[in-house]
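[1] have a look; sequence and predicted model below, questions after that.
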There are 2 protein chains.
Amino acid sequence: MHIMVIGAAGMVGRKLIERVVADGGLKGQPVDRMTLVDVIEPTAPAGYDGQVDTHVADLSADGVAETLAALRPDIIFHLAAIVSGEAEQDLDKGYRINLDGTRNLFDAIRAEGEREDWMPRMVFTSSIAVFGAPFPAQIGDEFHRTPQTSYGAQKAMGELFLNDYSRKGIFDGVGIRLPTICIRPGKPNLAASGFFSNILREPLVGQEAILPVPDTVRHWHASPRSAVGFLIHAATMDTAGLDHRRCLNMPGLSATVAEQIEALRAVAGQKAVDLIKHVPDEKIMKIVDGWARDFAPERAKALGFTAETSFEQIIRVHIEDELGGSL
Amino acid sequence: MHIMVIGAAGMVGRKLIERVVADGGLKGQPVDRMTLVDVIEPTAPAGYDGQVDTHVADLSADGVAETLAALRPDIIFHLAAIVSGEAEQDLDKGYRINLDGTRNLFDAIRAEGEREDWMPRMVFTSSIAVFGAPFPAQIGDEFHRTPQTSYGAQKAMGELFLNDYSRKGIFDGVGIRLPTICIRPGKPNLAASGFFSNILREPLVGQEAILPVPDTVRHWHASPRSAVGFLIHAATMDTAGLDHRRCLNMPGLSATVAEQIEALRAVAGQKAVDLIKHVPDEKIMKIVDGWARDFAPERAKALGFTAETSFEQIIRVHIEDELGGSL
């Protein structure tokens, strides 16, 4: 099987590729070829004995999507996107990458399939940013998408394309709306959502972290390992059960910041908790106020998607995957 | 005030223009200039003493949107679209006109407003085709959009653009999801929904009409006069109450075909009803099965949108507006 990962240099893309190598394929199906695409050079995975080709390319540039489609992979993971903050700041760039890039890819697949029969599985990462407040206590599977960022609007448009092109038989699409990924590995960043990871990741290694919101703030989380699990399940599941609704709210864990902190205390003790400094930030509080707090992702669960059920689990995943298994 | 109607040669566009002339403006605000745009030559309205300019133009063609935006109207009615059947048959044309045409218009307004401050009201006609079965008994204001036609997907994308660009302050947008318009004046056409109008319009003038579905079929209707009323209200309402959700399910009347026929009997007698011939058509039945049957458009009602409450009213509107007031 030949898989293509677009956005292969990003955190989730890298973890997906590592997992495919570690598992020797996708749920028992061997992967003998990987095409890795990103705007920065993707790293070829260690310990993989199949064929790997890397492409430094931008889907919104002329001819790129056609070149990729001509490779006719069996499964395409389309993870590439301009993130929320940048899409908000640069309206043109956000629409160019997140909407036009996606549309170019989908249209190139259509043209290639018209040239010679081909219908790849298309796994598209969407986001809970397609939802905008006000929300019900739990967001159900039939709640409307009213994004309050350009990024969310662009992802919602990608979902509509994914559905329509799947309905037309151009590809076999599955869209997954990822929760906020926690604990995000790496350095603290300036994303408004960064603190959800920072307040756990930094104290786990003896560093201070800033909490800019009250600990009553509730949000929707899944680990990087779960995100990779969603992608693999979306790539291999029987899509008959999706009917015409190919985009799914992924399972996750609804937790308050206080519950995150309690889990940190249980795993790493009071000394870790003491490293969290509460420095209120009105601007971040205002942004976070518009975010989804809880979901009832019944369809995804029924279709076999799973995630963590406690924040202690999420922290232990981080310790296993990023810190060598122990503190 | 200067209004621009894009899609001015269509049925709803023509009726809107006639109504503005008859009313001497928009809810008491005089309209001294009209710019009428369509791919076929729009008719300048009779009895209007303001300035009228007509443009034969396609928004998806280079430079058209910029030319129109440079006219800086106060209110833009964007009614232009490739209809459902054609968008389904010709995927490229549907996306080019319904998505790219709309986006060109919105981007041209953005560029013109950046050149010199300007924020027009933008009234965008969407459709209940943004919804796809399965449905609840009544579709509420927070039901998700899962279109099952390319037309519906394109309208849903237009809604997302409308919301995002309004949020960014590029224009002051209102999107209205029109019910099926009944009684549609003119000749019977081949649209799958045509029979809802045909079975009333033709018998009212002594002609036979074909009913291709069982009389238990339920659907969501509003008269052409109500559609024009929605547009005028959308153009003049206070948009503060829309918050970030600028697209609304319009009010309408949920009725079965049997209820339509009873209303015809009440208004025009058994001899009119006898002109309806039941000729079942499996293909049309299958299409109609996927259509919305009933809505609870609470937001639109609270914001002052109104429609007919009985099919007798809908028939009487047709008699007044199309048949000179009597049978």
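    Looks like it came in fine.
[2] how about the residues of the stretch 151-300 of chain A by chain B?
    A:153, A:156, A:157, A:160, A:161, A:163, A:164, A:167, A:168, A:244, A:245 (C-beta under 8 Å from any C-beta of the partner chain). No exception for glycine: its C-beta is placed from N, CA and C like everyone else's.
[3] pipe those residues into a markdown table and attach neighbour count and pLDDT per row.
    Output for these, formatted as a markdown table (neighbours: other C-beta atoms under 10 Å in any protein chain shown; pLDDT from 0 to 100):
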| residue | neighbour count | pLDDT |
| --- | --- | --- |
| A:153 | 30 | 98 |
| A:156 | 27 | 98 |
| A:157 | 27 | 98 |
| A:160 | 26 | 98 |
| A:161 | 24 | 98 |
| A:163 | 25 | 98 |
| A:164 | 27 | 98 |
| A:167 | 17 | 97 |
| A:168 | 12 | 97 |
| A:244 | 15 | 88 |
| A:245 | 18 | 96 |
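[4] what's the top helix by length along chain A packed up against?
    The single longest helix within chain A, with elements called by DSSP state H, is helix A:150-167. When contacts are defined as 3 or more C-beta pairs under 8 Å, 6 or more residues apart in numbering or on different chains; DSSP states H and E, helix A:150-167 packs onto helix A:84-89, helix A:91-94, helix A:102-115, strand A:121-127, strand A:172-178, strand A:247-249, helix B:150-167.
[5] where's residue A:213 relative to residue A:46, distance?
    Counting by C-beta to C-beta, to the nearest Å, the separation of residue A:213 from residue A:46 is 39 Å.
[6] swap in residue A:234?
    For residue A:234, the distance to residue A:46 - C-beta to C-beta - is 25 Å.
[7] the more surrounded of the two?
    Taking neighbours as other C-beta atoms under 10 Å in any protein chain shown, residue A:234 and residue A:46 compare with residue A:234 leading, 28 against 7.
[8] excluding sequence neighbours, find me the nearest residue to the more buried one.
    residue A:174 (4.1 Å; C-beta to C-beta, 6 or more residues apart in numbering or on different chains).
[9] give the bridge partners for that neighbour, please.
    residue A:123 (DSSP bridges).
[10] okay but it is in contact with residue A:120, surely?
    No - at 11.5 Å, residue A:174 does not count as touching residue A:120 under the criterion of C-beta atoms under 8 Å.
[11] the two - which one has more neighbours?
    residue A:174 (24 against 21).
[12] now do the more buried one against chain B, distance only.
    Separation of residue A:174 from chain B (C-beta to the nearest C-beta, to the nearest Å) stands at 15 Å.
[13] and for residue A:303?
    From residue A:303 to chain B the distance is 16 Å (C-beta to the nearest C-beta).
[14] neighbours around the closest residue to that residue other than its chain neighbours, how many?
    Sequence neighbours aside, residue A:241 is the residue nearest to residue A:303 in space, at 5.6 Å (criterion: C-beta to C-beta, 6+ apart). By other C-beta under 10 Å, 11 other residues sit near residue A:241.
[15] let's verify residue A:241: helix, strand, or coil?
    Three-state assignment for residue A:241 (DSSP: H, G, I helix; E, B strand; the rest coil): helix.
[16] tell me the confidence at it?
    Looking at residue A:241, its pLDDT is 92.
[17] can you give me the neighbour number for the residue nearest to residue A:236 when sequence neighbours are not counted?
    Nearest residue to residue A:236, sequence neighbours excluded (C-beta to C-beta, 6+ apart): residue A:27, at 4.6 Å. The burial count assigned to residue A:27 is 10, neighbours taken as other C-beta under 10 Å.
[18] from memory residue A:27 sits against residue A:234, does it?
    No - with contact defined as C-beta under 8 Å, residue A:27 does not count as touching residue A:234 (11.2 Å).
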